[in-house]
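> sharing a sequence plus its predicted fold:
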Amino acid sequence: MFETLEKSDHQNTDFQERVRALHNVLHKHAHSYYVIDEPSIPDTEYDKLFAELQSLEEAHPALRTSDSPTQRVGGKPMAEFATVRHTVPMLSIRTETDTEASGAESFDARIRKELRLQEGDAVVEYVAELKFDGLAMSLRYEKGILVQAATRGDGEFGEDVTHNIRTIGQIPLKLPETAPDVLEVRGEVYMRRDDFERLNARQRAKIAAGAKGEKTFVNPRNAAAGAVRQLDPGIAAQRPLSFFAYGVGEVSDVSWLTHYDLLKMLKNLGFPVSAEVNIAKGATELIAYHQKIGKLRDALPFDIDGVVYKVNSLALQQQLGFVSREPRWAVAHKYPAQEQLTTVLAIEVQVGRTGKLTPVAKLAPVFVGGVTVTNATLHNEDEARRKDVRVGDTVIVRRAGDVIPEVVSVLIEKRQNDAPMFTMPHVCPVCDSAAVREEGEADYRCTGGLFCRAQRKQAILHFAQKRAVEVDGLGDKLVDQMVEAGIVRTLPDLYKLGLTALSELDRMAEKSAQNIITALQNSKQTTLPRFLYGLGIRHVGEATAKALVKHFGKLDAIMDAPLEQLTQVADVGPVVALSLRTFFDQAHNREVIEQLRACGVTWAEGEPSPAALLALSGKTFVITGTLPTLGREELKEKLEAAGAKVAGSVSKKTHFLVAGSEAGSKLDKARELDIPILDEAGALALLNETTAGGGV
């Protein structure tokens, strides 16, 4: 007999108790259905109980709580996603590039070395898991109630997607009383292959029926990610999503000693945990697991792109610690990419957002790595020529890293025509500007950065960012809309925008439009280094822009400077000088600058201050860690004012490292390279000495 819940015949029914009882039984049946795949009642019986709960909540709204089964679907669309700061960062895991068995051996050897284990010592115990091809998710429970769900984002900040995660039946809204008071569950939201195929079949039917705005999805991962980031939870609820738990973030009470015990705890709390989790002792068993899953991979009901190894002991995990933003105690071990044969129908050149020209092979459709592939990158001219890919060729196509399709090789013996070898065009196929290949570079790039239609969005976003002229509120989505609507084609168009045109854009009320116009007016008063950096000239970062302004004083002097004068600037070598000269030699780039000036964009200019007169000219600093009194940006400005370059990473070209507390890997590398290390006081003392005329 299926378990059901009988209604009381008493007229004085306690509605609160009835609702609580319905919560318990519906959660139990949902767990049986979604998590362990063993339905405990027929769908019709579940629907009756669900409908009864809905009726009670409608009649008594105060009884509707966030953990109610009725709150999985529906709700009003969100205007935007709130930003969530992860209490415990969601760190990425290092990827083992060796896809063969030796990748497991390398990881085990690394762990044994870190733990100072000798040959003959006990083997290290690991947990081996699947590497799901989905979207990483953090679920926060307080007092057993799901209060927040957030994407990984950049590891420190993610997006609040709680409204959509509630629609996933496998994710509990309420945990048993045994759960810790605070529990952040980390896992993967994904879409099963059969659910993906059914979803696309529905989409194709809608398209065939003439529905507008509908599309099919490329692969399960993209479909899952798109569903999670829907502003309307009603739409998200229509996408069949699943979830696997594989770890935790913040926890108020840690009562386990191993990662394997942690996973058992999550399973006991009602979370789905993959059945393919194994304990593996030493490299031999890691290799066996990698081979076993490799054979099972195609038969799994969902996509994976590898396996993950983690040291099982939490005490050893703590001892091993982290390097940069990756745990030393874990690694992702991928599989060789899947390959198929197909035919090259054409070779086209695409222009990326940053002006990079990429040859792309247009292919006869072929199913590779779980998706239908019609395009494959040839990377650059050298790679296309090395592989000698020609129109009409039969080629082997691979999804490199299971993400980007690429042509691996050509079956020359099947070539049936005399198609010419591919040659990269020397003009941009989008805007007809010159396409140049810098010395030592593999890629051709369009030089029409401020003019090229393909680079339009990127040029606007770069110009408007905080470190450039700073137009507050001008983000990706708004720029996309303005460009797609045709109201902004070049940078000067920004300053010609009217309230009416902006207000007509999606989600842009009159007040929001006025805020953008105000921000644009405010941005007209800028500095020359910010403006120069905002032009997006290749190789010209903030430090280079500041060095150029210090050396020449005026924009016209920079624009007209010959190569030999440009190379006299401390931060400018032959490559940067050529990039500057190429940019300013394009008539349309100069025209954009003149139009910006005509729109009222202004800055203060000064007299030339040759870099040779600056005390720290030619010296490169790196700043890391937390300084006791100064912010890193403040110290950076002081060093640059003295002629120094402040870089983001340590190399042999670094002259000084300024290290504060929690300096991390940059400090280790500086020590390895014997680079002088200064604290804040030492850096300020050096500045004082050089300012007084001592030099370095």
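Yes, it's here. Note that the coordinates shown come from a computational prediction; the quantities given were computed from them, not determined experimentally.
> low-confidence ranges in the stretch 351-500 of the chain?
Low-confidence segments of the stretch 351-500 of the chain (pLDDT under 70): 369-370, 400-403.
> where do the strands sit along it?
356-368, 371-377, 394-400, 404-410, 435-436, 444-446 (DSSP state E, counting those that start in this stretch).
> buried ones in the second one?
Think strand 371-377. By neighbour count on 16 or more other Cβ atoms under 10 Å, the buried set for strand 371-377 is 371, 373, 376, 377. Glycine gets a C-beta too; all of them are placed from N, C-alpha and C.
> give me the beta-bridge partners of the second one?
Beta-bridge pairing of residue 373, defined through DSSP bridges, involves residue 366.
> which helices and strands does the helix or strand bottoming out on mean pLDDT in the chain pack with?
Ranked by mean pLDDT, DSSP states H and E, the weakest helix or strand in the chain is helix 43-59, scoring a mean of 76. Packing partners of helix 43-59 (3 or more Cβ pairs under 8 Å, 6 or more residues apart in numbering; DSSP states H and E): helix 15-30.
> pull out the CA atoms of the helix it packs on and give them to me as PDB.
What follows is helix 15-30, C-alpha atoms only, in PDB (Å, rounded to 0.1, in the frame of the first residue of the first chain):
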ATOM      1  CA  PHE A  15      -5.300  24.200  10.500                       C
ATOM      2  CA  GLN A  16      -1.700  24.800  11.600                       C
ATOM      3  CA  GLU A  17      -1.200  21.200  12.600                       C
ATOM      4  CA  ARG A  18      -2.800  20.100   9.300                       C
ATOM      5  CA  VAL A  19      -0.500  22.300   7.300                       C
ATOM      6  CA  ARG A  20       2.500  21.000   9.300                       C
ATOM      7  CA  ALA A  21       1.500  17.400   8.600                       C
ATOM      8  CA  LEU A  22       1.000  18.100   4.900                       C
ATOM      9  CA  HIS A  23       4.500  19.700   4.800                       C
ATOM     10  CA  ASN A  24       6.100  16.600   6.300                       C
ATOM     11  CA  VAL A  25       4.300  14.000   4.100                       C
ATOM     12  CA  LEU A  26       4.900  16.000   0.900                       C
ATOM     13  CA  HIS A  27       8.600  16.600   1.700                       C
ATOM     14  CA  LYS A  28       8.900  12.900   2.300                       C
ATOM     15  CA  HIS A  29       7.200  11.900  -0.900                       C
ATOM     16  CA  ALA A  30       9.200  14.500  -2.900                       C
END
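> so for it, what gets flagged as buried?
Neighbour-count burial for helix 15-30, counted by 16+ other Cβ under 10 Å, picks out 18, 19, 21, 22, 23, 25, 26, 27, 29, 30.
> chain center to the least confident helix or strand of the chain: distance?
41 Å (Cα atoms, centre = their mean, to the nearest Å).
> burial check on residue 154, number of neighbours?
Residue 154 has 12 neighbours, counted by other Cβ atoms under 10 Å.
> meant to ask about residue 421
9.
> how close does it get to residue 409?
According to Cβ to Cβ, to the nearest Å, residue 421 and residue 409 sit 16 Å apart.
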